[in-house]
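K.L.:
next comes the sequence, and after it the predicted model I'd like to discuss.
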Amino acid sequence: MARNKNYKTDKYYFEVNNIAIYRDEESVAKKAFEEYNKVGKNANWLGQWNGKKFVKAS
């Protein structure tokens with residue numbers, strides 16, 4: 001059975017292999033996201049969690 005995901009507010013998220021990863025700063029999150037893509041992982045950018053939905057998805 002799938003668990004509900006508890007995202008932290010104002011953190012930047014991306015997913016790798018259906019695992020959500022977050023970073024505090026957008027620049028650090030984007031750099032990590034790009035590194036995962038560079039090594040061939042299927043990463044998906046989610047954006048910043050505001051408590052209800054993801055915003056700043058680019």
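P.N.:
The structure has been received and is ready for your questions. Numbering: from 1, shown residues only.
K.L.:
okay, now L46: neighbour count?
P.N.:
21 (other CB atoms under 10 Å). In this view, the C-beta of every residue, glycine as well, is placed from N, C-alpha and C.
K.L.:
may I have stretch 18-31 as PDB, with CA atoms only?
P.N.:
C-alpha atoms of stretch 18-31 as PDB (Å, rounded to 0.1, in the frame of the first residue of the first chain):
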ATOM      1  CA  ASN A  18       9.700   7.800  -7.800                       C
ATOM      2  CA  ILE A  19      11.600   9.000  -4.700                       C
ATOM      3  CA  ALA A  20      11.100  12.700  -3.800                       C
ATOM      4  CA  ILE A  21      14.300  14.600  -2.900                       C
ATOM      5  CA  TYR A  22      14.300  18.100  -1.600                       C
ATOM      6  CA  ARG A  23      16.800  20.900  -1.100                       C
ATOM      7  CA  ASP A  24      16.500  24.200   0.800                       C
ATOM      8  CA  GLU A  25      17.700  26.500  -2.000                       C
ATOM      9  CA  GLU A  26      16.500  26.500  -5.600                       C
ATOM     10  CA  SER A  27      20.000  26.800  -7.100                       C
ATOM     11  CA  VAL A  28      21.200  23.800  -5.100                       C
ATOM     12  CA  ALA A  29      18.100  21.800  -6.000                       C
ATOM     13  CA  LYS A  30      18.500  22.500  -9.700                       C
ATOM     14  CA  LYS A  31      22.200  21.600  -9.700                       C
END
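K.L.:
okay, buried residues for that stretch please.
P.N.:
For stretch 18-31, the neighbour count (16 or more other CB atoms under 10 Å) marks 21-23, 29 as buried.
K.L.:
and of the residues you listed, the nearest to N44?
P.N.:
The closest of the buried residues of stretch 18-31 to N44 turns out to be I21 (CB to CB; 10.4 Å).
K.L.:
name the nearest residue to the closest one, ignoring sequence neighbours.
P.N.:
F14 (5.8 Å; CB to CB, 6 or more residues apart in numbering).
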